[in-house]
Structures are given as C-alpha cells and as structure tokens.
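Q: turn this into a structure:
(one chain, ligands or ions: 1)
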Amino acid sequence: MSHRKALVAAVRQELAEARGTARAVLAAAESARGEAQHRRRLVREAYATCLNQLATARESARQDIQERYQDEATRLAGHLRGLATISATGAAGAPWRLWAPSEPEPGRPPGMLRIGTISFDETASLPALIPLLGRAHLHLSGPAATLDDVITGLLLRALGSTRPGEVELIVYDPQRLGTFGQLGPRFVGPDGFGALLEELGRPAGDEWRLAVLLADPTTADELTRVQRVQLDRIARTGVGLGVHLVVRGLDLPDDPAVERIMVRDRVAAVGSLGRIEVRLDPPPPATLFRDVADRLRQGPPPARLADLEPARLWDESSRYGLSAPIGDSTDGTLVDLRLGDDPPHALIGGPPGSGKTNLIYTWLGSLATRYGPADLALYLLDFQAGGSFARYTPGPRDPSWLPQVRLAGINVRDDREFGLAVLRHLGEELRGRTARGEDLADHPRIVAVVDEFPVLLDGRDAIADEAVDLLEDLARRGRSHGIHLILATGDTAAVRSLWGRPALIAPFTLRIALPKAVRVLADDNLAASVIPRHHAVVNAESGLAGANRVVRLPDAGDPATWRATQRRLWRSRPLGCEEPRLFDGDAVPRLPSAYRPSGRVPTADTPVGSSPGAVLGERIDVSARPARLRLGRMPGRNLAVLGTRADEACDVLAAAALSLAAQGPAHFSIVCLDPDTERAAARLVAELPAADWYDASDVHFDPPVSEIPRYLIGYGLESAGPAHRPALRALLDSGPSRRVHVLGWWRTVSRLRDDLAGRFDPIGAWVALDVHGSELAPLYPQPGGPLWRPRPRRALFFDRSVHRTPEVIIPYEVNSDHT
Ligand SMILES: Nc1ncnc2c1ncn2[C@@H]1O[C@H](COP(=O)(O)OP(=O)(O)OP(=O)(O)O)[C@@H](O)[C@H]1O
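A: Here you go, the predicted structure:
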C-alpha cells in the first residue's frame with residue numbers, strides 16, 4: 001500500500017512537477033505571446049503611421065507633379081501656340097472668323113497652313129498645321145465632300161498668304177465638285193490629264209505651281225503606267241522644282257515629301273503629327289473667297305520706294321558700272337538693275353498705263369540716291385504728252401532740282417529736232433571721250449533716257465535717219481565710254497519694227513518688260529503676259545527665256561515723297577553744280593533781255609560790226625542758243641517772214657529789230673501796212689532808240705542815206721501795192737550794199753512773188769510760219785522745197801548763205817503782256 005502510496009506520491013510529485021513545468025512553460029509562452037502581440041501591435045501601429053505618412057507624401061508629390069505638369073503644359077502650349085503663329089502667320093493660320101488675306105514678309109518662305117485644332121485637354125487647344133508650299137505635297141483620303149472642304153480651306157490660306165501671281169493654281173476636277181472657281185484656277189478637263197502630268201514634270205518658273213487633282217474613279221482606273229511613273233516622279237522631285245500636288249482619289253508613293261491626311265467624320269490623322277488627332281476647321285465662309293479674288297485681281301500693295309534707298313547717299317562709285325535696285329523679287333530680296341559693260345543699255349516696254357513712267361521714276365530715284373553728280377549725269381527726254389521729267393527741274397513752287405540732271409526735255413513730241421539735238425550732243429561727248437582717251441573715272445557716266453523713243457525714229461525723214469545713225473553709234477561705242485541709253489515705249493508696233501534694225505537693238509541687252517509687254521523679251525518668253533500689274537520682268541540676256549527675274553515695283557508716283565528726297569540731294573549738291581537745261585515744248589521762250597536795247601542803249605560811237613546779227617528765235621538745241629541772221633553788205637541780205645500767223649510774224653520782226661538795236665547804232669523805219677499788226681509795230685517803235693513810222697498814207701521805199709545801218713521793218717508789205725513795187729525791188733536789190741536791209745512780212749509766197757516780179761534772189765533769208773514746204777520751193781535751192789509741216793509757234797528759218805538745210809526755230813515771245 002505504501003508502495004502504491006509512494007508510487008502515487010511519486011507520480012503526483014512528477015505530475016506536480018510536470019504541471020509546474022507546464023505552467024512555467026505556459027507562463028513563458030503566455031508572456032512570449034503577450035510579447036509577440038505587443039510587438040505586433042507596435043508594428044501595426046508603425047505600419048499605419050507609415051501608411052499615413054506615405055499617403056500624405058504621395059498626395060503632396062501627386063499635387064506637386066500635377067501642378068508642375070499643368071505649368072509645363074501651359075508653358076509648352078504657349079510655346080507651341082507661339083511657334084504655330086510664327087509658322088503660320090496671317091492668312092496661313094488665322095481662324096476663319098478673324099481671317100483676311102495677308103502680305104507675306106519679304107524674304108521669308110511661305111509658312112505652314114492651318115487645317116484644324118489639336119486639343120490636349122478640355123480647355124486648351126492648339127492650331128494643327130501642315131506643310132505645303134516649298135515643303136510638301138498633300139495626299140488626302142476620306143469622304144470626298146469633307147476632303148474638298150479641307151482643300152478649299154487650304155487653297156484659300158495658301159493664296160491668301162502669298163503675293164498675287166506667286167502661286168499658279170491648276171485644278172483637275174472632272175466631276176466639277178470643287179468650289180474654287182473664284183480663286184481663278186486654270187481648270188483642266190478629263191482629256192487634259194496626261195498633258196497636265198507632263199507639264200507638272202517640268203520646273204515651275206519663279207512662281208509656285210499648285211496642282212489640285214480631284215480624281216474620280218475613272219481617272220484612277222484609266223491611269224496608264226507611264227502616267228503612274230510621271231505622278232510618282234512629281235511626288236518625289238516636284239517640291240524642289242516648285243511644283244506641288246494636292247491629291248484625292250489617286251495614290252501617291254511613300255515619300256518624305258508626301259504629307260498624308262486621313263479624314264474620318266471631322267477628325268483627321270495627319271502623317272507629320274503622328275497619333276495626335278486633329279479636329280478639322282469648318283469650311284471657310286463663302287464671303288472670304290471674294291476677299292481673295294479681289295486681292296488677286298487688284299494685285300499686291302506696292303512695295304515702298306523708301307525700301308530702295310541706300311544707307312548713305314552718294315556712296316557708290318560708277319567706275320565699274322551703275323547698279324541700283326528697282327523693287328523686290330517674289331522672295332522679297334531687292335532686284336538690282338545694272339548698267340555697265342554688260343549690259344550697257346536698256347529697253348523698257350509695256351502698253352500705255354502699265355507703269356513705264358513709274359518704273360523710270362523708280363530707277364532714276366534709286367540711281368540718284370546712290371551716285372552723286374561726279375559719277376552720274378542724266379539726260380532725260382520725254383516724247384509723251386505730259387511733262388514727267390519736269391519734277392527734276394526747278395519749278396515756280398519748288399526751286400530744287402536733281403543735281404545729276406544735265407538736261408530734261410519735256411513735251412517734245414512735236415519737236416523731234418530737240419531729240420536729235422540731244423543725240424548729236426551725246427555723239428559729240430562720245431567723240432570727245434574717245435579722242436581724249438580718258439579713263440572712265442574722270443567722267444560721270446551718262447545715262448540718257450528716251451521715253452517714247454519711236455516718236456523720234458518715226459517718219460521716214462532726215463531726222464529719223466540721223467537719229468537712228470546716232471543711236472546706233474551711241475549704243476555700239478557708248479558702253480566703253482560710260483554712255484548708257486535707256487529707251488522706253490508703249491508702242492508695240494514700234495518695238496516690233498526695232499527687230500528690223502538688229503544693229504540698233506542688239507546692244508540693248510537689258511530688257512524690262514511690264515505686264516502685257518509685247519516683243520520686249522524673246523519670242524518664246526511669255527513671262528510678261530502672266531505677271532500681275534505693278535510688276536516687271538527684268539532680263540539681262542536680251543530677253544532669253546530662263547533669264548527672267550520678276551520684280552514687284554514700288555509706287556514712285558507721289559510727287560511729295562519724291563520732292564523730300566530731291567531736296568536732300570539738292571542741298572548736298574557740290575559747289576558750282578549747274579541747274580539743268582529744261583526744254584519744254586509747250587513753253588514759249590521770251591526774248592532774253594541781252595537782246596533788247598533797254599538799259600544799255602548803244603550810242604552813235606559804238607562800233608557796229610560788219611555784219612550785225614538779227615536774232616529771230618530760239619534754236620531747238622541743247623544750249624538754247626538764238627538763231628541769228630547776219631546782215632552784212634552783201635547782196636540778198638534781206639529777210640522775208642512768210643505766213644498768215646500775224647502774232648508770230650510780229651514777234652520775229654520785233655526780236656530781229658530789238659536785237660539789232662541792242663548791238664550798235666542803227667536806224668529803223670517801221671512800215672506798217674496791216675491793221676492787225678499796228679499794236680505790235682507801235683510797241684516796237686516805243687522800245688527802239690531811233691525809229692520812224694510809216695503807214696499807208698506815207699509809205700515809200702527810198703530811205704535817206706546815212707552812216708549807220710538802217711533797217712526797214714515792214715508789216716504786211718504786200719499791201720503797198722503795185723505802185724510801190726519798183727522802189728521796193730530796187731531797195732531789196734541795192735540796199736544791203738549801202739547797209740540798208742529790208743526785214744518784211746508777207747502773208748503768202750505768191751504775194752511776195754508778185755512784189756518781186758518772180759525774182760526771188762534779193763531775199764537771201766526767210767522765216768516760214770504756216771507755209772507748207774512745197775510752197776517754199778521757189779525760195780529754196782533744191783527742187784520741191786524743204787520738208788516742212790507747219791506747227792504752232794515753230795518756224796522754218798533758211799539763210800542761203802549759211803544753211804544747207806533749213807532749221808526749225810521757236811519765235812521768241814517779245815511782249816508777254818500783249819498790250
Ligand atoms: N508700282 C506701282 N505701284 C503703284 N502704282 C503704280 C505703279 N506703277 C504704276 N502705277 C500707277 O499706274 C498708273 C500708270 O502708270 P504710269 O504712268 O507709270 O504708266 P505708263 O506706262 O507710263 O503710262 P502711259 O504710257 O500711259 O503714260 C499711274 O497712276 C501710276 O501711279
């Protein structure tokens with residue numbers, strides 16, 4: 001029992017120990033669990049804190065990023081918009097509601113064109129731009145109607161942002177679906193497609209050629225292999241040649257120059273924009289077409305004259321030539337005209353109103369601001385009606401003149417003699433320069449401008465013959481002596497006839513053709529027929545096709561603008577610079593005071609020359625010298641003034657008498673037999689120092705003999721009548737040897753003949769007013785009489801002792817107040 005008890009006790013003991021151990025283990029476990037739980041709690045808490053912190057950090061980072069993204073995006077969008085504005089200025093990029101045609105900036109190639117917008121969030125959008133002129137062809141696919149809207153908009157932008165004439169628009173539209181008729185395209189019909197492809201394979205000229213091909217299924221089906229090859233070649237090489245395609249309905253090969261636009265609804269995918277979607281602009285409102293059409297019709301606003309001025313006045317030397325810009329070219333750079341060894345001379349042509357005068361003004365202005373009077377001398381002749389060169393000479397309201405102008409002839413249409421005189425003068429200058437063999441640097445270069453030169457060369461007469469010879473000589477030899485000619489005309493027939501004179505026209509290698517000019521350029525050079533107004537084709541290779549430069553001309557017409565420039569030049573003129581000689585065919589010269597006795601009345605002891613000269617009128621020449629009739633003691637030294645224009649006859653007689661009186665002692669017998677001339681005769685008597693008056697009541701022709709010369713000034717001598725004829729004839733015959741000379745007026749040659757009984761030898765000199773050449777035959781050594789068609793205020797003067805042919809003179813106005 002005890003054993004059992006002991007065993008029980010031992011087991012109990014063990015159990016108790018085990019329980020104790022278990023309890024201890026449990027306690028340890030419990031505490032470990034507690035520990036673990038505590039740690040877990042701690043970790044959880046830490047995690048939560050961490051999570052919170054992370055969330056906060058993430059939130060703030062997110063916000064930061066968001067803000068930065070916003071900022072960046074706004075900035076980028078701003079940049080992009082700025083870039084877009086620069087890349088597509090004015091009409092190329094403006095939305096339709098603000099749209100108007102715009103003038104491209106000179107010197108900048110055409111930009112991109114807007115077709116719609118790109119939106120990158122709800123609020124902001126950017127213009128979507130695509131390349132065209134100078135950059136790419138366009139290939140469009142999608143619903144035809146939408147494509148045609150897109151194309152219409154693009155054409156409007158392309159034409160509205162370039163200068164009229166810069167883009168030649170050709171449309172192939174067999175179904176006539178397009179709506180660009182107002183843009184003035186050249187339409188090509190279905191049967192012209194092959195020819196069009198051939199044409200597009202050739203380089204465009206100065207302009208861009210923009211071909212819109214709206215192909216229908218038939219076109220695509222019928223495209224031959226050759227045409228396919230041509231089209232592919234245009235797609236690859238056309239852009240470099242100025243040829244651009246805008247195509248729908250036909251494939252174009254893959255090429256960097258081909259921009260593809262795929263349209264679905266009003267959204268497009270554009271090749272160069274990648275995956276960005278473009279929301280297309282609506283089609284342009286119809287009214288905008290009118291604006292573009294008007295602009296195309298009107299032509300561009302003119303470039304400014306001020307743009308041609310050099311940085312410094314008179315800073316150039318003409319030693320090696322004269323070079324001056326006259327306008328800007330289609331790319332905005334200035335185009336120079338050069339005169340020198342080559343080309344030496346210029347021919348300007350264009351129909352009336354095409355802007356020749358304006359071009360000449362521009363050219364002269366540009367030259368005159370670059371080359372001072374030591375480098376340039378201008379001779380200006382205008383055979384047109386109207387005095388376009390008068391602006392360069394002093395006028396009543398403006399005393400300034402253009403210092404380089406030596407001579408200006410205006411209104412010389414009827415005075416071809418003056419043109420001839422100028423050419424003779426230039427011929428002498430050429431001879432002088434040749435003989436002296438001087439260097440070009442010693443002289444100014446001469447530029448002689450002859451506007452409407454055919455007037456001078458017209459008419460198969462001695463003037464035309466001599467003028468042609470002189471022009472030919474000047475054109476041939478002038479180049480090496482610094483003499484340059486600029487001939488201008490609006491007369492097509494005259495230009496045509498120049499081609500019959502190759503020797504004359506050949507040295508005129510610089511050709512300037514204004515719009516619609518005919519035959520100024522070579523026959524196969526049609527550039528002048530396609531340029532818009534206020535443009536010119538400049539060609540320094542005698543008009544050969546391929547040497548054209550198209551120039552846009554500024555408006556040089558405003559006299560006030562020019563006057564300001566001329567004033568500046570005038571104030572800079574060197575000392576001793578002389579006023580230009582102005583010959584105005586419409587002005588009547590006054591008898592210069594040096595030929596009037598007033599003031600310096602000669603006394604009886606003043607020596608009289610052996611043959612004093614009677615001044616009859618102004619010669620038509622470069623220096624405006626008077627025409628004189630020497631009245632020596634030889635037979636025949638009398639003067640007959642012939643014709644019915646009494647005023648002019650009186651002026652001739654008065655100028656003769658006054659100029660004789662101004663030279664030395666003389667006695668005058670005024671015989672006035674025509675009531676129309678009484679007033680003028682009386683004025684003359686009043687101004688002469690010593691004169692007797694006779695009229696029908698006491699007329700006689702037996703003047704007393706005296707020591708000093710005596711002049712009988714007869715008005716209407718035919719009225720003396722038969723009774724006085726013998727005495728008159730005797731006086732005419734024998735007077736001159738006694739220093740008695742008759743200067744008389746007869747209305748007609750036949751009345752003079754009656755008075756002379758058919759013997760004209762005592763009339764050694766005559767001045768004919770409105771008497772035709774044939775009527776003058778009896779007074780002229782050559783049969784048939786001189787060539788003379790009378791014209792107002794011009795007279796033909798012939799003195800058989802000095803003249804081989806008669807000369808045209810302008811009777812001076814003696815009494816301007818006509819009292
Ligand atoms: N580049 C230009 N810019 C603006 N206006 C111009 C330009 N060229 C000419 N004009 C204007 O056109 C008109 C005709 O020009 P201009 O008188 O020069 O022509 P023209 O050929 O000399 O004519 P005509 O032979 O009939 O005298 C003028 O009113 C002139 O002001």
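Q: what about the strands in the stretch 401-550 of the chain?
A: Under the criterion DSSP state E, counting those that start in this stretch, the stretch 401-550 of the chain contains strands at 405-410, 445-451, 483-489, 510-513, 535-539, 548-552.
Q: JSON lines please, covering those and showing distance to residue 657.
A: Every C-beta, even on glycine, is put in place using the N, C-alpha and C of the backbone. Converted to JSON lines, the strands of the stretch 401-550 of the chain look like this (distance: least, Cβ to Cβ, whole Å):
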{"stretch": "strand 405-410", "distance to residue 657": "30"}
{"stretch": "strand 445-451", "distance to residue 657": "38"}
{"stretch": "strand 483-489", "distance to residue 657": "43"}
{"stretch": "strand 510-513", "distance to residue 657": "52"}
{"stretch": "strand 535-539", "distance to residue 657": "55"}
{"stretch": "strand 548-552", "distance to residue 657": "58"}
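Q: export those strands to JSON lines and tack on mean neighbour count and distance to residue 565?
A: Below are those laid out as JSON lines (neighbours: other Cβ atoms under 10 Å; distance: least, Cβ to Cβ, whole Å):
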{"stretch": "strand 405-410", "mean neighbour count": "24", "distance to residue 565": "14"}
{"stretch": "strand 445-451", "mean neighbour count": "24", "distance to residue 565": "18"}
{"stretch": "strand 483-489", "mean neighbour count": "25", "distance to residue 565": "20"}
{"stretch": "strand 510-513", "mean neighbour count": "28", "distance to residue 565": "22"}
{"stretch": "strand 535-539", "mean neighbour count": "27", "distance to residue 565": "21"}
{"stretch": "strand 548-552", "mean neighbour count": "23", "distance to residue 565": "20"}
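Q: let me have those strands in TSV, extended by distance to residue 356 and mean pLDDT.
A: Below are the strands of the stretch 401-550 of the chain laid out as TSV (distance: least, Cβ to Cβ, whole Å; pLDDT from 0 to 100):
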stretch	distance to residue 356	mean pLDDT
strand 405-410	15	95
strand 445-451	7	97
strand 483-489	5	96
strand 510-513	9	97
strand 535-539	9	95
strand 548-552	14	91
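Q: out of those strands, the one nearest residue 26 is which?
A: Closest to residue 26 of the strands of the stretch 401-550 of the chain, according to Cβ to Cβ: strand 548-552, at 109.1 Å.
Q: let me have the strands of the stretch 401-550 of the chain in CSV, adding distance to the ligand as columns.
A: Compiled in CSV, the strands of the stretch 401-550 of the chain are given as follows (distance: least, Cβ to the nearest ligand atom, whole Å):
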stretch, distance to the ligand
strand 405-410, 13
strand 445-451, 8
strand 483-489, 8
strand 510-513, 12
strand 535-539, 8
strand 548-552, 8
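Q: where does this protein have low pLDDT?
A: 1-2, 106-107, 120-124, 177-178, 297-303, 330-332, 387, 438, 598-611, 816-819 (pLDDT under 70).
Q: if you set the cut-off to 50 instead, what comes out?
A: 600, 602, 818-819 (pLDDT under 50).
Q: secondary structure element for the residue nearest to the spatial centre of it?
A: Nearest to the geometric centre of the chain sits residue 359, at 2.7 Å (Cα atoms, centre = their mean). Here residue 359 sits within helix 356-370, counting by DSSP states H and E.
Q: got the residues of the stretch 451-600 of the chain near the ligand?
A: Applying Cβ under 6 Å from any ligand atom, one finds that the stretch 451-600 of the chain approaches the ligand through 490, 534, 553, 554, 555, 557.
Q: residue 269 - that's part of a helix, no?
A: No - counting by DSSP: H, G, I helix; E, B strand; the rest coil, residue 269 falls outside a helix, being strand.
Q: residues touching residue 570, list them.
A: Applying Cβ atoms under 8 Å, 6 or more residues apart in numbering, we find residue 570 in contact with 400, 401, 402, 403.
Q: double-check the first one against residue 392; I have them as touching.
A: No - with contact taken as Cβ atoms under 8 Å, residue 400 and residue 392 are classed as non-touching, separated by 9.3 Å.
Q: okay, and the common contacts of these two?
A: Shared contacts of residue 400 and residue 392, defined by Cβ under 8 Å, 6+ apart, comprise residue 566.
Q: settle it for me: which of those two has more neighbours?
A: Neighbours per residue, other Cβ atoms under 10 Å: of residue 400 and residue 392, the larger number sits with residue 392, 25 against 18.
Q: the more buried one and the ligand: what is the separation?
A: For residue 392, the distance to the ligand equals 16 Å [Cβ to the nearest ligand atom, to the nearest Å].
Q: where do the strands sit along the stretch 701-819 of the chain?
A: Counting by DSSP E, counting those that start in this stretch, the strands of the stretch 701-819 of the chain are 710-715, 740-746, 765-768, 795-799, 807-810.
Q: and the ligand, which of those strands is closest to it?
A: Nearest to the ligand, of all the strands of the stretch 701-819 of the chain, is strand 807-810, at 25.3 Å by Cβ to the nearest ligand atom.
Q: pull the CA atoms of the closest one into CSV?
A: Taking C-alpha atoms only, strand 807-810 is exported to CSV below (Å, rounded to 0.1, in the frame of the first residue of the first chain):
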residue,chain,number,x,y,z
GLU,A,807,16.4,124.9,-139.3
VAL,A,808,13.4,124.9,-137.0
ILE,A,809,13.2,127.8,-134.6
ILE,A,810,10.8,129.0,-131.9
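Q: now that strand: how far from the chain's centre is it?
A: 36 Å (Cα atoms, centre = their mean, to the nearest Å).
Q: now it: buried residues?
A: 807, 808, 809, 810 (16 or more other Cβ atoms under 10 Å).
Q: related to what we said a few turns ago, how about the strands of the stretch 701-819 of the chain in CSV, adding distance to residue 222?
A: Below are these laid out as CSV (distance: least, Cβ to Cβ, whole Å):
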stretch, distance to residue 222
strand 710-715, 93
strand 740-746, 89
strand 765-768, 80
strand 795-799, 77
strand 807-810, 74
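Q: closest one to residue 15 among the ones you listed?
A: Of all the strands of the stretch 701-819 of the chain, it is strand 807-810 that lies closest to residue 15, at 164.4 Å by Cβ to Cβ.
Q: mind listing residues that contact that closest one?
A: Strand 807-810 is contacted by residues 415, 417, 588-589, 616-620, 627, 767, 793-798 when judged by Cβ under 8 Å, 6+ apart.
Q: partner strands of that strand, with direction?
A: strand 613-619 (antiparallel), strand 795-799 (antiparallel) (DSSP bridges).
Q: what would the ones you listed look like in TSV with distance to the ligand and mean neighbour count?
A: What follows is those, written out as TSV (distance: least, Cβ to the nearest ligand atom, whole Å; neighbours: other Cβ atoms under 10 Å):
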stretch	distance to the ligand	mean neighbour count
strand 613-619	28	24
strand 795-799	30	24
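Q: ok, residue 294 - contacts?
A: By Cβ under 8 Å, 6+ apart, residue 294 has no neighbours at all.
Q: what secondary structure does residue 348 sit in?
A: The three-state label given to residue 348 by three-state DSSP is strand.
Q: also the one 3 residues further on?
A: Going by three-state DSSP, the secondary structure assigned to residue 351 is coil.
Q: kindly report the same for residue 323.
A: strand.
Q: right, and it touches residue 343 too?
A: No - under the criterion of Cβ under 8 Å, residue 323 makes no contact with residue 343, lying 11.3 Å away.
Q: between the two, which one's more packed in?
A: Set residue 323 next to residue 343 and count neighbours by other Cβ under 10 Å: residue 343 wins out with 22 against 16.
Q: in this structure the more buried one contacts residue 486, no?
A: No - in this structure residue 343 lies outside contact range of residue 486 using Cβ under 8 Å: 10.9 Å.
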